[in-house]
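J.: just coords:
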């Protein structure tokens, strides 16, 4: 099972969100999740990446993948197992993040989100996931 994440870039770090992320991700691993697609932008993405990394100690078979919107972007090899560049060669740079997010949604079975309002890129991504009838877990609504 493949899991992707979607959240506002300015989510305030809290123990409550961290604990929710940990519980949700661990439950998904127990249900068969083994690949986690991460965007690498903003505070929610960073919280998700750190949570997956901490769970990797307990579940070494899981994989943390940074999905990059630009081909020349490096990645933190301590935080992610690898990076992937989706087929975005013909996408104008100003649309690369949007198209990368849509690719992540299409590639995932489950979307773990933290969406508190209905504007911005994360909200658009969540709307796209709903249209694609993906299983969505929005921590904000939990």
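T.: Thanks, I have it. Here the structure is a predicted model, which means the values were calculated and not measured.

J.: Let me know whether my guess that residue 51 is in a strand holds.
T.: No: checked against DSSP: H, G, I helix; E, B strand; the rest coil, residue 51 lies outside a strand; its state is helix.

J.: what about it, distance to residue 115?
T.: 17 Å (C-beta to C-beta, to the nearest Å). For glycine as for every other residue, the C-beta is placed from the backbone atoms N, C-alpha and C.

J.: same question, residue 98
T.: Here residue 98 is placed at a distance of 16 Å from residue 115 (C-beta to C-beta).

J.: Looking at those two, which has the bigger crowd around it?
T.: Higher neighbour count among residue 98 and residue 115: residue 115, with 23 against 15, using other C-beta atoms under 10 Å.

J.: Mind checking what secondary structure the spatially closest residue to that one that is not a sequence neighbour has?
T.: Closest residue to residue 115 apart from its sequence neighbours, by C-beta to C-beta, 6 or more residues apart in numbering: residue 126 at 4.9 Å. Put simply, residue 126 is helix when judged by three-state DSSP.

J.: so residue 126 sits right up against residue 113, yeah?
T.: Yes: counting by C-beta atoms under 8 Å, residue 126 touches residue 113, with 5.4 Å between them.

J.: Overlap of the contact sets of these two?
T.: Common neighbours of residue 126 and residue 113, using C-beta atoms under 8 Å, 6 or more residues apart in numbering, are 6, 136, 138.
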